[in-house]
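Student: My questions concern the predicted model and sequence given below.
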Amino acid sequence: MTRQQTHLSKRPFAAILTILVCAGFGSFLILLGFREDARAWQVYLVNVLFCSAIAQGALLFSMIMHVTKARWSGALQNLSEAFAAFFPISFVLFFLLYFGRAHLFPWLGQDLHGKEVWLNVPFLMTRNLVGLMVLYGLGIAYVYHAFRCKTIPLGGAGGLRSLLGRIPVRPVDPSVCRDRMTTLAVLYMIAYALVLSLISVDWVMSMDPHFISTLFGGYFFIKAFYIGMGGLIILASILYLVHGEETRIDVAHFHDIGKLFFAFCVMWAYFLYAQVLVIWYGNIPEETHYLIERFKYQSWKLAFIIAFTAAFMIPFFTLLNRNVKMKPAVMLILTSLALTGIWFENLVMVGPPLRFDTQSLPLRIFDVLISLGFLSLLSGAVAYLLRLFPELFLNNGEKITR
């Protein structure tokens, strides 16, 4: 497929994404207009955490493949770098959370028993934004050097790519470029663990300010890598089903990443089990109330059952079959289901402390539209970068070397 054909095929897709983004934004405003601010900001927070984690985890895949010098990932590694296009949007979306602080921090105005030094809005926002700036800066720098290591010309094709091509850059030795990528990848991995742990404590665990879990950060960034791979499989499946053998992706790629996805499906469930086991065994009121609050009402219990079934039970038993992992259409459905399960899990983690609609399943049409709007933002950012650099996944593009 030529670049012109790729350009022409983008129009219906771009129109759909634009409509969904507008519908999501409109739904958010409607909820605010009907004075359902708490609900609007809760759905906003769930989706910011969810979409940002997909982008952060997907890029981590490329860095792990680079540092371990893995050969099997091939085109999947190139595709995962496209998720960095969402980083600037994610940063802005996190900043906008400041305006919902009155509805996102139930601890405001409470006696925090000495935790006021850590739990105050200016310090919380500052440390989170600085952390994200470092994380995203490292990620974008890594992708920049990854592109320079490949034989992808930055000029041509108009738009942003043409602008990038006008920036004077000195030729760099490929070995030096790869060394820089390794350094940036290691730094990103460290920042990934630290920043996502910080976000999990500040935006999720702090909703129950007296709840303590030393496993919470690890659970959060393992989950981000799990859904990051899920997002990558969805992207690869769509490209393979649309462009077929014209892509650099083949069935073996799906089989290999399917095995890795299965492994992290088990690891996510293990971290969940380990956390619940410690709380049950310790039986300390400061910890047990976290679980009781989420299982007290049938609505939250139902949401958790959906999350666990979709994110673990179905992927686990389905991926035991070797042939399933080599079918892109099945993998597309399966990973979409797993990501839906993790979305529900995020809702269960964030929802109960804000105490709304606890008597019925906490999901309405406006919540769905807002979520689709966020997913469209993520999809649009990734698609935009792939349109700029179709060589990342098309066979007839420029040669890519590592």
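Tutor: Here it is on my side, so go on. Bear in mind that the values here come from a model prediction, so they are computed numbers and not experimental data.
Student: Just the element for the most centrally placed residue in the chain, please.
Tutor: Closest to where the C-alpha atoms of the chain average out (C-alpha atoms, centre = their mean) is residue 54, at 1.5 Å. Taking DSSP states H and E as the criterion, residue 54 maps to helix 37-67.
Student: for that helix, what is the average pLDDT?
Tutor: Per-residue pLDDT over helix 37-67 has a mean of 93.
Student: ok, and for that helix, which residues are buried?
Tutor: 38-66 (16 or more other C-beta atoms under 10 Å). (Each C-beta comes from the backbone N, C-alpha and C, glycine too.)
Student: How about stretch 260-273?
Tutor: Buried residues in stretch 260-273 (16+ other C-beta under 10 Å): 260-262, 264-265, 268-269, 271-272.
Student: quick check, distance from it to the centre of its chain.
Tutor: Remark: stretch 260-273 is offset 16 Å from the chain centroid, using C-alpha atoms, centre = their mean, to the nearest Å.
Student: neighbouring contacts of that stretch?
Tutor: 215, 218-219, 222-223, 225-226, 229-230, 233, 308, 311-312, 315-316, 319-320, 325, 335, 338 (C-beta atoms under 8 Å, 6 or more residues apart in numbering).
Student: now those: which count as buried?
Tutor: For the contacts of stretch 260-273, a neighbour count by 16+ other C-beta under 10 Å gives the buried set as 218-219, 222-223, 225-226, 229-230, 233, 308, 311-312, 315, 319, 325, 335, 338.
Student: Quick check: residue 13 vs residue 238, distance?
Tutor: Distance, residue 13 to residue 238, by C-beta to C-beta, to the nearest Å: 10 Å.
Student: next one: residue 147
Tutor: Applying C-beta to C-beta to residue 147 and residue 238 gives a distance of 22 Å.
Student: Repeat that for residue 42.
Tutor: Counting by C-beta to C-beta, the gap from residue 42 to residue 238 is 30 Å.
Student: give me every residue that touches residue 318.
Tutor: 324, 330, 334.
Student: which SS class is it?
Tutor: Classification of residue 318 using DSSP: H, G, I helix; E, B strand; the rest coil returns helix.
Student: And it, what's its pLDDT?
Tutor: Confidence score, pLDDT, at residue 318: 94.
Student: what does residue 94 give?
Tutor: 93.
Student: and what of residue 304?
Tutor: Note for residue 304: predicted pLDDT of 89.
Student: Spatially nearest residue to it, not counting backbone neighbours?
Tutor: Spatial nearest neighbour of residue 304, chain neighbours left out: residue 348 (5.0 Å); criterion: C-beta to C-beta, 6 or more residues apart in numbering.
Student: The helix or strand that contains that neighbour: which residues count as buried?
Tutor: Residue 348 is part of helix 328-354, with elements assigned from DSSP H and E. Across helix 328-354, burial judged by 16+ other C-beta under 10 Å covers 328, 330-332, 334-354.
Student: Kindly report the same for stretch 80-99.
Tutor: Neighbour-count burial for stretch 80-99 flags 80-87, 89-91, 93-94, 97 (criterion: 16+ other C-beta under 10 Å).
Student: Show me how far it is from its chain's centre.
Tutor: Counting by C-alpha atoms, centre = their mean, stretch 80-99 is centred 10 Å from the centre of its parent chain.
Student: which residues touch that stretch?
Tutor: In contact with stretch 80-99 (C-beta under 8 Å, 6+ apart) are residues 41, 44-45, 48, 51-52, 54-55, 58-59, 61-62, 104, 121, 125, 128-129, 132-133, 136, 139-140, 142-143, 146-147, 203, 228, 231-232, 235, 377-378, 381-382, 384-386, 389, 392.
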